[in-house]
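1. Pasting the sequence and the predicted coordinates here, then a few questions.
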Amino acid sequence: MTLGDPDGSMPTIGRGATIRRGTVVYGDVTVGEGFTTGHDALVREDTVIGDGVLVGTRAVIDGGSTVGDEVSIQTGAYLPTNTTVGDRVFVGPGAVLTNDDYPLRQEVDLEGPTLEDDATVGANATVLPGVTVGERAFVAAGAVVTEDVPADTLAVGAPAEHQPLPERLQGGNTVR
């Protein structure tokens, strides 16, 4: 694992952390208590992470991102620069969030997505730049989310269409 930067700066990491081999946490990162990573996770500069957060194997949180408390970011998930994640959010394995509408084609300000409290993003789903996934919303596995998802809504398909949230998916996420 690598904690800190070549200039000697070290991240601030709360008590009870488990940081597995191959993980890199940049020097100006702040992490709360009970932080856990899989192997080879990456947390880049100027990121703030709350308490009880899991960052899975080979998951990446790019710089300038904010992650709330009791969040689970599964294996291989990617959160780009300027992503905002609320509390009790689940990001499934291989989910990709993006922050650039026109990579290498136009000069734009990078705008990360926002995942509000208790949102779920399923495995291999893609969330485009600037999209907000509302509180308790659920993005199905493999969905491509091109527009905001209202609170308590299911987003399914590519491009994702909105449906009422089925009763079995209603309510907030439960931390296990």
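-> Cool, got the structure.

2. okay, CA-based contacts and neighbour counts for the rest of this
-> OK.

3. At the geometric centre of the chain, which residue do we find?
-> By C-alpha atoms, centre = their mean, the chain has its centre lying nearest to Leu79, at 4.9 Å.

4. Could you report the distance from that one to Gly38?
-> In this structure, Leu79 and Gly38 are 16 Å apart, going by C-alpha to C-alpha, to the nearest Å.

5. next one: Gly8
-> 24 Å.

6. When the two are compared, which one has more neighbours?
-> Gly38 (20 against 9; other C-alpha atoms under 10 Å).

7. ok, the residue lying closest to the more buried one once chain neighbours are set aside - contacts?
-> Nearest residue to Gly38, sequence neighbours excluded (C-alpha to C-alpha, 6 or more residues apart in numbering): Thr57, at 3.9 Å. Shown in contact with Thr57 (C-alpha atoms under 8 Å, 6 or more residues apart in numbering): Thr37, Gly38, His39, Asp40, Ala41, Gln74, Thr75, Gly76.

8. Please pull out the lowest mean pLDDT helix or strand from this structure.
-> Sorted by mean pLDDT, DSSP states H and E, the helices and strands of the chain end with strand 2-3, the least confident at a mean of 81.

9. Run the chain-centre distance for that one.
-> 20 Å (C-alpha atoms, centre = their mean, to the nearest Å).

10. neighbouring strands for that strand, and are they parallel or not?
-> Its sheet considered, strand 2-3 pairs with strand 24-25 (parallel) by DSSP bridges.

11. who touches the partner strand?
-> By C-alpha under 8 Å, 6+ apart, the residues outside strand 24-25 that reach it are Met1, Thr2, Leu3, Gly4, Pro11, Asp40, Ala41, Leu42, Val43, Arg44, Glu45.

12. Buried ones among those?
-> Buried members of the contacts of strand 24-25, counted by 16 or more other C-alpha atoms under 10 Å: Thr2, Leu3, Gly4, Pro11, Asp40, Ala41, Leu42, Val43, Arg44, Glu45.

13. quick one: which of the residues you listed sit in strands?
-> Thr2, Leu3, Leu42, Val43 (DSSP state E).

14. Redo those as a markdown table? Include distance to Asp117.
-> A markdown table is the format used below for those (distance: C-alpha to C-alpha, whole Å):
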| residue | distance to Asp117 |
| --- | --- |
| Thr2 | 30 |
| Leu3 | 29 |
| Leu42 | 23 |
| Val43 | 21 |
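
15. host element of the residue nearest to Gly38?
-> Under DSSP states H and E, no helix or strand contains Thr57.

16. Can you tell me how far it is from Ala17?
-> For Thr57 relative to Ala17 (C-alpha to C-alpha), the value is 15 Å.

17. Could you tell me how far stretch 115-126 lies from the centre of the chain?
-> Counting by C-alpha atoms, centre = their mean, stretch 115-126 comes out at 8 Å from the chain centroid.
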